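**Student:** Take this sequence and fold it.
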Amino acid sequence: MNRFVGLVLMLMMAQVASWAEMLVYVSVSGEKRIAIFRLDEKTGGLEAAGSLDVDGAPGPIWEHPNRPKFFAALRSGGKLATLDVDRATGMLSVGHLTMPGESSPFVLPDPSGRYLLSAYYGAGKVMVHSIAADGALSAEPLQVIDTAKNAHCIRLDPSGRFGFVPHTGPNAVYQFRWDGEAGRLTANDPPTATGTPEGAGPRHIYFHPALPVAYTANEMGSSVTVYGFDSSSGTLTAVQTLPTLPADFSEKNTCADVEATADGRFVYVSNRGHDSIAAFRVDGKSGRLEAAGWYPTEATPRSFNIDPSGRYMVAAGQGSGKLATFRRDAVSGALERLGTYEVGRSPAWVMIVDRP
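**Tutor:** Purely as a prediction, here's the structure:
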């Protein structure tokens, strides 16, 4: 009997393993839909799996930390959507809509999954909504804070106690304290990061997974800035800025997205104009960067994402309407182009989820 039970368990585990897959969700803003692809974990190839039509041009998408829910901003309609995720297939349906009335370029559930934080580019503000047990957002925000024009992103530090909002307009990263019990942001002291380079235009921010360091992709400066992070005060101080472009490139360019690998060894930034992904090696002690190469991708790479295993990257070409897939070398950080896939007009966001 024990041998039989063991055999059954082994078969069950093998079956579960065969079900495991990675799914790629892409906001196709020009067609008001979210496209879904399967990512082959052996080859890095993509296969179309489905699509969800939504009431507005979708922008940022973020996964709930502990429920089968996503949150998406429908930017052309000034809405925030709760998306239900089918556990069996990974397909999406719209579960709830709320209307802050503004267009959000970034949404982020807090680590507890009780609150959704959002930034507003045109309106120059940040908001906090509560998240109900079924994923529904509060009809009215719990908090609205006026910051400045071009609030492009909102992220929490790894401890979940501090919040940061890069602004391309006033060239500043706003700093907040985050009360995860009350669901409230309060301005930190000082209210903005120290030493942001003049004319940089910080757009997105990403924290190193282990070191007290954060990185910003600087839209106007075509650069990446390394900030030292004081985890006791929750404040940032710029310590290094590097160009994201090769020295011989002099045409127009703006940076968009930034992401560090899970092992903390590399940082990547997307160049819109040079149409490339810039790679940087990370010093294991200081977190400072060293240029590690440029990899051509589709036109106007607004968003990209590294899969949870760290082996693949998918980048969306907003200008071409195509996705580029890459295999990533974990030792050198090099990207090997694998394929190109039609996705639709103006893809604005890529999110890869490892779904059992």
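**Student:** Following the chain onward from the lowest-mean-pLDDT helix or strand in the chain, which element is next?
**Tutor:** Within the chain, no helix or strand scores below helix 2-19, which has a mean of 41 by mean pLDDT, DSSP states H and E. Once the chain leaves helix 2-19, the next helix or strand it forms, by DSSP states H and E, is strand 21-28.
**Student:** would you list every one of the strands in the stretch 151-300 of the chain?
**Tutor:** For the stretch 151-300 of the chain, the strands defined by DSSP state E, counting those that start in this stretch cover 155-156, 162-167, 172-179, 184-192, 202-207, 213-218, 223-230, 235-243, 254-260, 266-272, 276-282, 289-296.
**Student:** Now do the last one: everything it contacts.
**Tutor:** The contact list for strand 289-296, computed with CB atoms under 8 Å, 6 or more residues apart in numbering, reads 215, 224, 226, 240, 242, 245-246, 266-267, 271, 274-283, 326, 332-335, 337. Where C-beta positions appear, they are placed from N, C-alpha and C, glycine not excepted.
**Student:** Just the buried residues from those residues, in PyMOL please.
**Tutor:** Here is the PyMOL command that picks out the buried ones among those, judged by 16 or more other CB atoms under 10 Å:
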select buried, resi 215+224+226+240+242+245+266+267+271+274+275+276+277+278+279+280+281+282+326+333+335
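**Student:** Excluding chain neighbours, what is closest to Phe152?
**Tutor:** Let me fix one detail, which is that residue 152 is His and not Phe. Distances taken as CB to CB, 6 or more residues apart in numbering place Arg203 nearest to His152, at 4.9 Å, with adjacent residues excluded.
**Student:** Redo the strands of the stretch 151-300 of the chain as TSV? Include distance to Trp349.
**Tutor:** As requested, these are exported to TSV (distance: least, CB to CB, whole Å):
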stretch	distance to Trp349
strand 155-156	15
strand 162-167	17
strand 172-179	21
strand 184-192	23
strand 202-207	12
strand 213-218	15
strand 223-230	20
strand 235-243	25
strand 254-260	9
strand 266-272	12
strand 276-282	16
strand 289-296	20
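**Student:** for those strands, which one ends up most surrounded?
**Tutor:** strand 213-218 (a mean of 28; mean count of other CB atoms under 10 Å).
**Student:** right, and the strands of the stretch 151-300 of the chain - which one's nearest Phe70?
**Tutor:** strand 155-156 (17.4 Å; CB to CB).
**Student:** Do me a favour and average the pLDDT over that closest one.
**Tutor:** Mean pLDDT, strand 155-156: 98.
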